[in-house]
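In: mind folding the following:
(one chain, ligands or ions: 1)
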Amino acid sequence: MFAETTQTDWNRAAGDMIKRMEQTAAVLGEAFPHWADGQSGAWTTTPDGDWTGGAWPGMLWLAHRMTGEEKFRQLARTWCVRLRPRAKLETAFKGFGFYCGAALGHILAGDETGKTVALEAVESLRDQFDPRLGLIPLGSDAEEHGEIGKAFSSIDSLQAAPLLFWAARRTGDDSYRACAASHTTRVLEIHCRKDGSIIQSSELDSRDGSVVRHFTHKGFSDTSVWGRAQAWGMLYSAMAFARCPAETRWLDQSMAAADWWIANVPGDLVAFWDFNDPAIPDTHRDTAATAIVSAALLKLAELAPTAAQRSRYREAAERTVSALIGGYLTPTSSTDRRTRGMLVGGCFNKRPDSRRHDSALNAELIFGSYFLFESLQVLCGVVDAADI
Ligand code: GLY
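Out: Residues are numbered from 1 along each chain as shown. Just a heads-up that it's a prediction; the model follows:
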């Protein structure tokens, strides 16, 4: 089926996801979608958006760009403004939500509300930077079950970089760029293994930033390769390089992570939640990690230095998106009452120490849906992968 996936298939899948978005918008009230039950489609929500909530206005900004429909812009703005209570929280994980949910509105639609909300959040994100560590630590409000604060880091925190680079361009204030560059370099140094695989988390010595230990917040073990660690590292190192093309080591790290993924992902191209879970194949997949990787591969398909590499990443991206829409975008039968366009098969957190509202398997994760939808917009020619 891979070779036969066409522009019509990408468009159909994007259309199905828009139907799911319309259904979601109708049932939410004022709470943000976090994840939905893979069988019923019912959403578990958070009142303020948690770290995931910006994915929802992010999808709406993209839907506005794709369709030109004003209703999506209005919805995106409404949900973007609802992110504001989180703007000053001390968490490196503000980067994802305020980039997708707010800055993206300015990037895609020139939206001034999006710009204002993103700038509200990014100032305090920059002020979290610790020069002794050379990075932005997770922070006391970081959305993990524990082991957070001023001396902890993780590859997930690389999400701070695109928002900071965007702010540097918008404001002309170089301190945002310097902070993003140092954060990117140090987070990659700490968490990238020599073979291209990626470690999720670290505890640092608060006096000089040296590594006290590596561990994981959400993976199988402290030495395993959690799928989303690999995915976040690949994505955000590519995004940082796109904004700072002199930093070729970031591109090298993203390509090493991509090559590791391509060599280790199962034959059907959808990753298990952790590459080292000994229960494989009798364990859970994570379509969210796989969707993040699709978006990352599409960026590498524009950024890699040689034509052969760009075409290899493009083919890997197309095959990966085909696998997701062929196997995990609902529904399949006429008796199925679920809405079309749910990306099921997401593994939010499988560990017993999960935050209660992250304990979800075989689910639709709002950020997984975001990255599949973003990938489809790239494949449909609506947006350029390296611009967002
Ligand atoms: N902390 C980001 C994630 O759970 O993927």
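In: show me what contacts the spatially closest residue to R314 that is not a sequence neighbour?
Out: Nearest non-adjacent residue to R314, counting by C-beta to C-beta, 6 or more residues apart in numbering: A301, 3.8 Å away. Every C-beta, even on glycine, is put in place using the N, C-alpha and C of the backbone. Listed by C-beta atoms under 8 Å, 6 or more residues apart in numbering, the contact set of A301 reads 310-311, 313-314, 317, 385.
In: what helix or strand is E364 located in?
Out: In this assignment (DSSP states H and E), E364 forms part of strand 364-365.
In: what is that strand packed up against?
Out: strand 32-36 (3 or more C-beta pairs under 8 Å, 6 or more residues apart in numbering; DSSP states H and E).
In: distance between the strand it packs on and the chain's centre?
Out: 15 Å (C-alpha atoms, centre = their mean, to the nearest Å).
In: what about N349, how many neighbours?
Out: When neighbours are defined as other C-beta atoms under 10 Å, N349 has 22 of them.
In: try S140
Out: 12.
In: which of the three states applies to the closest residue to it other than its chain neighbours?
Out: Nearest residue to S140, sequence neighbours excluded (C-beta to C-beta, 6+ apart): E90, at 5.0 Å. Here E90 is coil, with the state taken from DSSP: H, G, I helix; E, B strand; the rest coil.
In: what's E90 in contact with, if anything?
Out: E90 touches 124, 128, 139-142, counting by C-beta under 8 Å, 6+ apart.
In: tell me which of those fall in helices.
Out: The helices, defined by DSSP state H, take in S124 from these.
In: looking at the contacts of E90, which two lie furthest apart in space?
Out: S124 and A142 (13.6 Å; C-beta to C-beta).
In: those two: which has the busier surroundings?
Out: A142 (23 against 15).
In: so the more buried one touches G95, yeah?
Out: No - contact criterion C-beta atoms under 8 Å: A142 and G95 do not qualify, at 11.4 Å.
In: for the helix or strand containing A308, which outside residues touch it?
Out: Using DSSP H and E, A308 sits in helix 307-327. Here helix 307-327 makes contact (C-beta under 8 Å, 6+ apart) with 1-2, 5, 9-10, 13, 255, 258, 262, 268-270, 287, 290-291, 293-294, 297-298, 300-304, 343, 345, 372, 375-376, 379.
In: before we move on, the earlier item: the residue nearest to S140 and the ligand, how far apart?
Out: Counting by C-beta to the nearest ligand atom, to the nearest Å, the gap between E90 and the ligand amounts to 16 Å.
In: can you check E147 too?
Out: 12 Å.
In: walking through the stretch 1-150 of the chain, point out its strands one by one.
Out: In the stretch 1-150 of the chain, the strands defined using DSSP state E, counting those that start in this stretch lie at 32-36, 43-46.
In: ok, which of those strands comes nearest the ligand?
Out: Minimum separation from the ligand across the strands of the stretch 1-150 of the chain (C-beta to the nearest ligand atom) falls at strand 32-36, 11.1 Å.
In: tell me the contacts of the residue minimising distance to the centre of the chain?
Out: The centroid of the chain falls nearest to I292 when counting by C-alpha atoms, centre = their mean (5.5 Å). Residues near I292 by C-beta under 8 Å, 6+ apart: 228, 231-232, 234-235, 367-368, 371.
In: can you tell me the closest non-neighbouring residue to it?
Out: I292 sits nearest to A231 (C-beta to C-beta, 6+ apart), 3.8 Å away.
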